[in-house]
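[1] I'd like to go over a predicted model; first the sequence, then the structure.
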Amino acid sequence: MSFLPQSFSLGHVASIAVTLLSGVAVMFLRLRASNRPTTMRKIIIPPLGMSTGFLMFVVPETHVPLTWALVAFAAGATVFAYPLIRTSKLERVGEEIVLKRSKMFIFILLGLLIIRLLVHDAVESKVSIPQTGALFFVLAFGMIVVWRIAMLREFIGLKRVKQEEYG
């Protein structure tokens with residue numbers, strides 16, 4: 001006799017466990033990266049590296065309607081990116097520009113993880129697992145691209161101020 005509801009399979013539980021472990025790992029890495037000097041390269045590389053994930057769409061099982069992909073991207077770019085932008089602040093410390101994390105940053109990441117888990121089940125009940133993965137990838141890509149563009153604009157502004165002071 002299982003302690004899990006009938007709708008839960010071992011794969012479902014494993015998926016949730018992997019998602020939670022991945023989320024905790026990302027939170028740990030984000031916290032470690034805070035208050036350390038950043039560069040334009042450190043801001044740009046994550047979305048560029050992540051963009052290779054679009055190769056998944058070579059596999060027909062991952063194909064989703066374009067409108068679904070656009071909605072997923074828009075949700076990531078607006079709803080999910082906004083709290084990250086609001087809780088990420090670049091500051092000049094001497095000669096360096098550092099990312100100062102808000103005390104709310106960890107709670108925002110945790111909240112986004114919980115929302116992702118809840119929405120994931122709803123989406124997965126309507127489309128296949130590969131399509132669900134594809135939609136969440138597009139959502140995450142929209143989130144990281146917009147967040148990093150905001151960081152890049154702030155970084156360039158801080159660099160410009162530095163140049164004007166000493167230029």
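    Great, that's in hand. Numbers count the residues shown, from 1 in each chain.
[2] would you map the strands across this protein?
    88-93, 96-101 (DSSP state E).
[3] any stretches of the protein with poor pLDDT?
    1-12, 15-16, 19, 23, 26-27, 29-35, 162-167 (pLDDT under 70).
[4] highest mean neighbour count out of the strands of the chain?
    Highest mean neighbour count among the strands of the chain (mean count of other Cβ atoms under 10 Å): strand 96-101, with a mean of 16. All C-beta spots, glycine's among them, are computed from the backbone N, C-alpha and C.
[5] got the angle for that strand vs strand 88-93?
    140 degrees (axes from the mean of the first three to the mean of the last three Cα atoms, to 10 degrees).
[6] so for Val24, which of the strands of the chain sits nearest?
    strand 96-101 (16.2 Å; Cβ to Cβ).
[7] elements contacting the closest one?
    Under the contact criterion of 3 or more Cβ pairs under 8 Å, 6 or more residues apart in numbering; DSSP states H and E, strand 96-101 touches helix 10-33, strand 88-93, helix 129-166.
[8] about what we covered before: in TSV, list the strands of the chain along with distance to Phe54.
    Formatted as TSV, the strands of the chain follow (distance: least, Cβ to Cβ, whole Å):
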stretch	distance to Phe54
strand 88-93	25
strand 96-101	27
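[9] so which of these gets nearest Leu20?
    strand 96-101 (21.1 Å).
[10] can I get that closest one as PDB, trimmed to CA atoms?
    This file holds the C-alpha atoms of strand 96-101, laid out as PDB (Å, rounded to 0.1, in the frame of the first residue of the first chain):
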ATOM      1  CA  GLU A  96      34.500  47.100  -8.800                       C
ATOM      2  CA  ILE A  97      30.800  46.600  -9.600                       C
ATOM      3  CA  VAL A  98      29.100  44.100  -7.400                       C
ATOM      4  CA  LEU A  99      25.700  42.400  -7.300                       C
ATOM      5  CA  LYS A 100      24.100  43.300  -3.900                       C
ATOM      6  CA  ARG A 101      21.300  40.900  -3.100                       C
END
